[in-house]
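Novice: Please find the sequence and the predicted model below.
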Amino acid sequence: MDVEVSQVAIFLRQIRSRSYEHRQAMNILSDARLAGQMTAILRQELDSMARVIYLLTQTVERRTLLIDTSVAGKKWPKITDKEMVDIAQELQGWTQSVYKFSCAFIHLSGLHDYKDRDPLALLSQEDRSAILHHCRYYHGGPMQEDASFDNLIPFFPRIFEKIASNLYCYLRALERGEELDIHEV
C-alpha cells in the first residue's frame, strides 16, 4: 500500500539530508583545513536554520505555500536571506556574526587569500570583536587577545554543531506544527 508523503515530511527530509551531508563535508574539510569551504558549509547550514525559523513565524497558509514552493524546487517569493537572518537573530544572538562572516566566503573576496593574509584583519574592529566574542562565549575560544583567522579555524566544526543542533530543535517544532512569535522570546 502506497502512503502519500506530505509536503512537510518531504521538506523536513530535504533539510535533514542537507544537514547530514554538511556534517560529513565539515569533517572532511576540517581534516584538510580547507577553511574557505568550511565557512561555506556554515553559511549553508545557517541558511537552513534561518529558513526553518522563518517558517515557524509564518501563518499556516504562508508556511504551506513556502514549503510547497521549496519541495517543488522553486525560489521562495518575496523574502531575502537578510530578512530571514534578521528574524533568526531575534532568537539566536549569534546569527548575524556567522552570516556576515560566512557570506564573505560565498562571494570571491579578499578573505579567500586567508593563507597569506589574515581575514580577521580585513574586517572592521566591530565585526572582528563580535566574531571572536561569540566564538569565545559559545565555543571556548580562541582565547588569544590578538587571535587570528588561523586560531579560529579549529572552532568551525563546533560552530557547525551549534547551528545544526539549533536547526534540529526548530525542525522538531516545525514537525509538530508549532508557531513562533519572535516578539515573545
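Specialist: Received it, and whenever you're ready, just let me know what you need.

Novice: Tell me which residue is most central in this protein.
Specialist: residue 46 (0.9 Å; Cα atoms, centre = their mean).

Novice: Return the residues in contact with that residue.
Specialist: 85, 88, 95, 98, 99, 102, 163 (Cβ atoms under 8 Å, 6 or more residues apart in numbering). Backbone N, C-alpha and C define where each C-beta goes, glycine included.

Novice: Give the next helix or strand downstream of the longest helix seen in the chain.
Specialist: In the chain, ranked by residue count with DSSP state H as the criterion, the top helix is helix 7-32. Downstream of helix 7-32, the next assigned helix or strand under DSSP states H and E is helix 35-56.

Novice: distance between the helix or strand bottoming out on mean pLDDT in the chain and the chain's centre?
Specialist: Least confident helix or strand, the chain: helix 95-106 with a mean of 79, by mean pLDDT, DSSP states H and E. Offset of helix 95-106 from its chain centre (Cα atoms, centre = their mean, to the nearest Å): 9 Å.

Novice: which helices and strands sit right next to it?
Specialist: helix 35-56, helix 81-91, helix 125-139 (3 or more Cβ pairs under 8 Å, 6 or more residues apart in numbering; DSSP states H and E).

Novice: quick one: buried residues of stretch 158-176?
Specialist: Using 16 or more other Cβ atoms under 10 Å as the test for burial, stretch 158-176 gives 159, 160, 162, 163, 164, 166, 167, 170, 171, 173, 174.

Novice: quick revisit: elements contacting the longest helix of the chain?
Specialist: Helix 7-32 is packed against helix 35-56, helix 60-71, helix 156-175, with contacts defined by 3+ Cβ pairs under 8 Å, 6+ apart.
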